[in-house]
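**Q** Pasting the sequence and the predicted coordinates here, then a few questions.
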Amino acid sequence: MINILLFTCNLRLSDNHTLNEASKSNLPILSLYIYDFAMYYPNFFIGEASRWWLYNSLFSLNSDDQLNGKLNFFSGHYDIIIEKIIQKYQINGLYWQKDYSELDNKLISIAKKNNIRSNPCIGKLLWEPNNIMNKNNEFYKIFTPYKTQCLKFIPNKPITKPDFIMIRDNQTLSLDDLDILPKNNWHKKFDKIWKVGEKSAQIKLNNFINLYILQNSSILNNLSIKKDINKINNIKTEKNIKKLFDKIIYNNIYEDNILGYKTLREYPGIPGTSYLSPHIHFGEISPHQIWWEIQNKISHANQNNIIHYNCFLNEIIWREFSYYLIYHFPNLYNKNFNAKFDFWVDNYDKVKENAWKYGTTGYPIIDAGMRQLWNTGYMHNRVRMIVSSFLVKNLFIDWRYGAEWFIDCLVDADIAVNSNNWQWVAGCGADAAPYFRIFNPILQSKKFDPYGQYIKKYIPELKNVSIEFIHEPWKEYNSSSNYPSQIINIDETRKIALSKYKLLKNIN
Ligand code: FAD
């Protein structure tokens, strides 16, 4: 007798309930990774950047000393592969991490048909979507009451790694046989940017919450870091923020540290966030591990720092909310959550879409964001909001085109989080941004990239433009740069967008 353990988006050994459950009976475990290209949402395919991450994550998992190359790889549809395995062995149970998608139903019915025990295990989410309902037993559509309800339940603490015996199937493919890596070499550059796998995820979390990485120790002598970070939070005027930017950016004082998160997370030119998103998506680290590491810090933190920890946890809860919504509204990825928006009229234009995709719209913050995405597989959250608003509300291209491009290019591409955020920006989502909130790319750029640090990093054509003109290079007299001119006028398109939204408002 053996147990089957499926690895899906839980590519880790620590705090892995599926592994713990499968090993409880002391039976040998056949662990499988099935590369089911089509995934579990109709017409939804895993993107190229994600395929690069997945390959490396599987490589890392399989190289772990405890697994020691005993992960069995198969390619094809879940039902076909699992049926074959069931016929070959005497199976006690089928174990997988609950996916909260069609996959769960599929696996339950395979197990039932073959008379084996099915064991969907927790681990992906902090709160079960079915347990968080309002007084009328309906699901929450607004984030804050959802969060309040969630916080009434304490998430599980991480569990320790069990001992287990893994077996190897003689028909397993090699990881390379799965053909996961895209054929082009676009993803090659990611090798130098990202460190993939469970260990890297743990190190990243640990550095983010525990370390000040000081690049220039001579500056340390002149500064009290904590005092300085506290100052940031009290700073209201742009002038003072700029002063502080001098210190932070040019001296690289803080890097990836949580004790500035609430403020620094908004500035794309500063590495002020955790960069954990791809690790979380692939389950190299569990939300429970993150939750409890932060709770532990909160219990020892002084009052001034607690806002940063809570702000970070809030984002983790936004992730939960995305999964919650797609669980209760499975079409979130391709249908407007607010059906009124079905009457919104698009103006799809391939040329404009391409200018957006490849960062040649003539608006520096948009182009820097899209080029960051293309070159790194990642984009800063603030800039994701600006570029998505621009696509939908200035170019009048449906959010689904943008979401599809993100899914293809992001290493953290996540159907629930991506769809929820796109719908939020487009105004058609649950608890969405109000329709009149149309990000002005120039003002956003001035506010959040005041020194054009981010813009210059990704747009070499603008590297010699002065700070005065970096947000609107077309205003610079005698500009000799080969940077493209603006493809649309943001003031005119804003007016059109507002009138379109007003029409929708009157629909019942
Ligand atoms: P941190 O600021 O360090 O946040 C910690 C974690 O909280 C993140 O890793 C992520 O898991 C979660 N989180 C942060 N912001 C959000 C958010 N707005 N909504 C839900 N969860 C959040 N995130 C993805 O993981 N995958 C996507 O496909 C994705 N698509 C997006 C599309 C758009 C249009 C927008 C506006 C945002 C999208 N986000 C997506 C959310 C957010 O931009 C990223 O999670 C964040 O930038 C990742 O960087 P980080 O890990 O440094 O974030």
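**A** Yes, it's here.

**Q** Mind splitting this protein into its structural domains?
**A** Listed domain ranges for the chain are 1-124, 199-328, 331-505 (source: automatic domain parsing).

**Q** comparing these, which gets the lowest mean pLDDT score?
**A** Lowest mean pLDDT of the domains of the chain: domain 199-328, a mean of 77.

**Q** For residue 438, give its distance to the ligand.
**A** Relative to the ligand, residue 438 is positioned 14 Å away (Cβ to the nearest ligand atom, to the nearest Å). C-beta here means a position set from N, CA and C on the backbone, and glycine is covered the same way.

**Q** re the thing from before, turn the domains of the chain into JSON lines, columns for mean neighbour count.
**A** Formatted as JSON lines, the domains of the chain follow (neighbours: other Cβ atoms under 10 Å):
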{"stretch": "domain 1-124", "mean neighbour count": "19"}
{"stretch": "domain 199-328", "mean neighbour count": "18"}
{"stretch": "domain 331-505", "mean neighbour count": "19"}
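
**Q** Residue 167 is nearest to which of those?
**A** For the domains of the chain, proximity to residue 167 was assessed by Cβ to Cβ; domain 1-124 is nearest, at 4.8 Å.

**Q** How far off centre is that closest one?
**A** Averaged C-alpha coordinates place domain 1-124 at 22 Å from its chain's average position (Cα atoms, centre = their mean, to the nearest Å).

**Q** and the residue lying closest to residue 387 once chain neighbours are set aside, what element?
**A** Closest residue in space to residue 387, ignoring its immediate chain neighbours: residue 369 at 4.6 Å, by Cβ to Cβ, 6 or more residues apart in numbering. Using DSSP states H and E, the element containing residue 369 is helix 364-376.

**Q** from the middle of its chain, how far away would that helix be?
**A** 16 Å.

**Q** which parts of the chain sit against the ligand?
**A** 265, 273-277, 280-281, 315-316, 318-319, 322, 381, 384-385, 388, 406, 410, 412-414, 417-418, 421-422, 425 (Cβ under 6 Å from any ligand atom).

**Q** Just those: which are in helices?
**A** Among the residues of the chain next to the ligand, the members found in helices (DSSP state H) are 277, 280-281, 315-316, 318-319, 322, 381, 384-385, 388, 406, 417-418, 421-422, 425.

**Q** which other helices and strands contact the strand or helix carrying residue 351?
**A** Element membership for residue 351 (DSSP H and E) is helix 350-357. Counting contacts by 3 or more Cβ pairs under 8 Å, 6 or more residues apart in numbering; DSSP states H and E, helix 350-357 packs against helix 364-376, helix 399-409.

**Q** could these be laid out in TSV, adding distance to residue 310?
**A** TSV is the format used below for the helices and strands packed on helix 350-357 (distance: least, Cβ to Cβ, whole Å):
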stretch	distance to residue 310
helix 364-376	27
helix 399-409	28
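
**Q** do you know which of those helices lies nearest residue 81?
**A** Going by Cβ to Cβ, the one of the helices and strands packed on helix 350-357 nearest residue 81 is helix 399-409, 24.4 Å.

**Q** can you dump the C-alpha coordinates of that closest one into PDB?
**A** Taking Å, rounded to 0.1, in the frame of the first residue of the first chain, the C-alpha atoms of helix 399-409 are listed here in PDB:
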ATOM      1  CA  TRP A 399      -9.000  44.900 -18.700                       C
ATOM      2  CA  ARG A 400      -8.900  41.300 -19.800                       C
ATOM      3  CA  TYR A 401      -6.200  42.000 -22.500                       C
ATOM      4  CA  GLY A 402      -4.100  43.600 -19.800                       C
ATOM      5  CA  ALA A 403      -4.700  40.800 -17.300                       C
ATOM      6  CA  GLU A 404      -3.600  38.300 -20.000                       C
ATOM      7  CA  TRP A 405      -0.400  40.100 -20.700                       C
ATOM      8  CA  PHE A 406       0.400  40.200 -17.000                       C
ATOM      9  CA  ILE A 407      -0.300  36.500 -16.700                       C
ATOM     10  CA  ASP A 408       2.200  35.900 -19.400                       C
ATOM     11  CA  CYS A 409       4.900  38.200 -18.200                       C
END
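
**Q** Make 17 the first number, not 1, from now on.
**A** With the count now opening at 17, the last piece we talked about shows up as helix 415-425.

**Q** Residue 109 falls within a strand, correct?
**A** Yes. Assessed with DSSP: H, G, I helix; E, B strand; the rest coil, residue 109 lies in a strand.

**Q** re earlier: list just the one of the helices and strands packed on helix 366-373 that sits closest to residue 349.
**A** Proximity to residue 349 (Cβ to Cβ) singles out helix 415-425 among the helices and strands packed on helix 366-373, at 7.4 Å.

**Q** Next up, the contacts around the residue lying closest to residue 383 once chain neighbours are set aside.
**A** Leaving aside its chain neighbours, residue 383 sits nearest to residue 375 (3.8 Å; criterion: Cβ to Cβ, 6+ apart). Applying Cβ atoms under 8 Å, 6 or more residues apart in numbering, we find residue 375 in contact with 382-387, 390, 474-475.

**Q** and if you look at residue 308?
**A** 171, 173-174.

**Q** buried subset of those residues?
**A** 171, 174 (16 or more other Cβ atoms under 10 Å).

**Q** quick one: which of the contacts of residue 308 is nearest the ligand?
**A** Lowest distance from the ligand to those (Cβ to the nearest ligand atom) belongs to residue 171, with 14.6 Å.

**Q** what helix or strand does that closest one sit in?
**A** Counting by DSSP H and E, residue 171 is found in no helix or strand.

**Q** That one touches residue 139, doesn't it?
**A** No. In this structure residue 171 lies outside contact range of residue 139 using Cβ atoms under 8 Å: 11.1 Å.

**Q** shared neighbours, these two?
**A** Contacts common to residue 171 and residue 139, judged by Cβ under 8 Å, 6+ apart, are residue 304.

**Q** And the strands in the stretch 67-216 of the chain, which stretches?
**A** With strands called from DSSP state E, counting those that start in this stretch, the stretch 67-216 of the chain shows them at 88-91, 107-113, 133-137, 182-183.

**Q** Let's have those strands in CSV, adding distance to residue 285.
**A** Below are those laid out as CSV (distance: least, Cβ to Cβ, whole Å):
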stretch, distance to residue 285
strand 88-91, 41
strand 107-113, 37
strand 133-137, 41
strand 182-183, 46
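
**Q** and which of the contacts of residue 375 is nearest the ligand?
**A** Nearest to the ligand out of these is residue 385 (Cβ to the nearest ligand atom; 10.4 Å).

**Q** Tell me the spacing between the closest residue to residue 42 other than its chain neighbours and the ligand.
**A** Leaving aside its sequence neighbours, residue 42 sits nearest to residue 181 (Cβ to Cβ, 6+ apart; 7.9 Å). Distance of residue 181 to the ligand, given as Cβ to the nearest ligand atom: 34 Å.
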